[in-house]
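> attaching a predicted model along with its sequence, questions to come.
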Amino acid sequence: MSDTGASSDNDRLFDDRESLFAALAMEITVRLTDAVAARGRASLVATGGTTPGPLYDALSAEPAPWDRVEITLTDERWVAPDGADSNEGLVRRRLLRDRAAAAELIGLKTPDAMPAAAEAKVDHALASMARPFDVVILGMGDDGHIASLFPHAAELKRAMNAGPDELVCAVDRPEAAGAAARLSMTIPAILGSRWIVLLIEGRGKLDVVSQARALGDPNELPVCTVLNQSDVPVEVWWAP
């Protein structure tokens, strides 16, 4: 384990990415297996971006009871599921293969022209999953955004104050990488979980985590909403 001097007791800090992904894949497998044993099925919320691909590669070969596991996403760009920028596409290519091919994926992208028109039907689809979600894998941007909830965005306030049945909200981010139109899980949906992993790489993002813990302002750093609460266990998993 690395000693960075910027950690809390729940942080899992690794010397290299390979060790992180192998350990996290095993931990997620244990939690999904325990969930199925206790409740008959399990739920996994996956993140997109560039970081989690190798984790999904490792996880796809793990002996979890995948035929009892439902998978969805923290957020989605409003692009075709087979497109290069699609989080669903990433999960299908890297996770839903090998043993994990038996899992069920509940995607966020619908045929609707814009994500706002899809909110109610996606809320309904996600409400059928095993909840609280057993495992949520959450990424974070250099600006502290999580899912598709960005600092000072108009949608951020709505996402933080969403009701218990409002699991997703439409987002429009013209300056964001990839498609501007997106659908994102709300903060209550993310926190409606048994265990959250904040998966990050690089010293810069570990510094953002430290700033968020000290700052406590979700409008500046939306990741504060997850890190600065005590109702749901959150672990930061990091490698250089």
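Done, it's in.
> quick one: mean pLDDT for stretch 83-96?
Mean pLDDT, stretch 83-96: 95.
> show the end-to-end separation of that stretch, please.
Using C-alpha to C-alpha, to the nearest Å, the span of stretch 83-96 from its first residue to its last is 16 Å.
> can you check stretch 220-233 too?
22 Å.
> cool, stretch 142-157 as well?
First-to-last residue span, stretch 142-157, C-alpha to C-alpha: 20 Å.
> who's in contact with stretch 217-227?
With C-beta atoms under 8 Å, 6 or more residues apart in numbering as the test, stretch 217-227 has contacts from 138, 140, 143-146, 149-152, 156, 160, 187, 190-191, 196, 198, 208-209, 211-213, 215-216, 232, 234. All C-beta spots, glycine's among them, are computed from the backbone N, C-alpha and C.
> buried subset of those?
138, 140, 144-146, 149-151, 156, 187, 190-191, 196, 198, 208-209, 211-213, 215, 232, 234 (16 or more other C-beta atoms under 10 Å).
> so of the residues you listed, which ones are in strands?
With strands taken from DSSP state E, the overlap with the buried ones among the contacts of stretch 217-227 comprises 138, 196, 198, 234.
> in the protein, which helix is the longest?
In the chain, ranked by residue count with DSSP state H as the criterion, the top helix is helix 17-39.
> how close does residue 8 get to residue 19?
20 Å (C-beta to C-beta, to the nearest Å).
> for residue 133, same thing?
26 Å.
> can you check residue 56 too?
Residue 56 is 16 Å from residue 19, by C-beta to C-beta.
> spatially, which residue comes closest to the residue nearest the centre of the chain, not counting chain neighbours?
Note on the chain: the residue nearest the mean C-alpha position is residue 138, at 3.1 Å, using C-alpha atoms, centre = their mean. Nearest residue to residue 138, sequence neighbours excluded (C-beta to C-beta, 6 or more residues apart in numbering): residue 198, at 5.2 Å.
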